[in-house]
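Trainee: Here's a sequence, model it:
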Amino acid sequence: MAYTYQKHLFPTLDLTSSTKMQIYNITFIVEPKIEKNWATHVDKELLPEIAKNVQQIDLLRVEFVDGVEPVNGTTFSMQFYCAEPEHLRWVNEIGHQLVLQKLYRVFPHDWVAFASHLEFLKSYK
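Mentor: Alright, predicted model coming up:
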């Protein structure tokens with residue numbers, strides 16, 4: 001682990017991991033009236049099919065603790081773990097749109113989604 005310094009001497013942590021794990025995250029805000037059916041559909045039908053194309057997918061419920069105004073609905077995070085560049089490329093080019101299309105066919109309203117890209121740096125115990 002090393003510290004590197006940029007302009008104005010602000011330290012930025014330069015961590016290198018032996019694993020170049022990339023995480024493609026899709027965050028969903030789902031209205032209460034479809035939440036249960038949405039979560040069941042994602043868990044039982046959508047993710048088992050999509051999971052064949054990446055190393056791992058996690059589905060998380062997000063609870064905002066501080067600093068965020070209340071949202072009308074439940075927030076979920078769908079995280080695609082990609083150890084291989086081709087997995088990340090598949091999620092970027094195909095998987096993300098496939099997830100949204102399949103959800104839209106069953107639930108055409110009452111949810112929104114946005115994506116972010118995370119890079120695994122290090123685990124601490």
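Trainee: Any regions of this protein where pLDDT drops low?
Mentor: Regions of the chain meeting the criterion pLDDT under 70 cover residues 1-19.
Trainee: how close does the spatially most central residue of the chain get to Phe76?
Mentor: When the chain is reduced to its mean C-alpha position, the nearest residue by Cα atoms, centre = their mean turns out to be Asn25, at 1.8 Å. Relative to Phe76, Asn25 is positioned 11 Å away (criterion: Cβ to Cβ, to the nearest Å). Quick note: C-beta positions are derived from backbone N, CA and C, even for glycine.
Trainee: got it, and Gln22?
Mentor: 20 Å.
Trainee: do the same with Phe107
Mentor: In this structure, Phe107 and Phe76 are separated by 12 Å, where distance is defined by Cβ to Cβ.
Trainee: If you count surrounding residues, which of the two has more?
Mentor: The neighbour comparison of Phe107 against Phe76 (other Cβ atoms under 10 Å) goes to Phe76, with 20 against 16.
Trainee: So that one lies in a strand, does it not?
Mentor: Yes. Assignment of Phe76 by DSSP: H, G, I helix; E, B strand; the rest coil places it within a strand.
Trainee: what about the helices in this structure?
Mentor: When assigned using DSSP state H, the helices of the chain occupy the ranges 32-41, 47-50, 85-90, 96-106.
Trainee: correct me, but Met21 touches Phe120?
Mentor: Yes. Using Cβ atoms under 8 Å as the test, Met21 is close enough to Phe120 to be in contact (3.6 Å).
Trainee: got the contact list for stretch 61-78?
Mentor: 25-32, 35, 39, 42, 47, 57-60, 99, 110-111 (Cβ atoms under 8 Å, 6 or more residues apart in numbering).
Trainee: same thing but at 10 Å, please
Mentor: By Cβ atoms under 10 Å, 6 or more residues apart in numbering, the residues outside stretch 61-78 that reach it are 23-36, 38-39, 42, 46-47, 50, 57-60, 96, 99, 110-113, 115-116.
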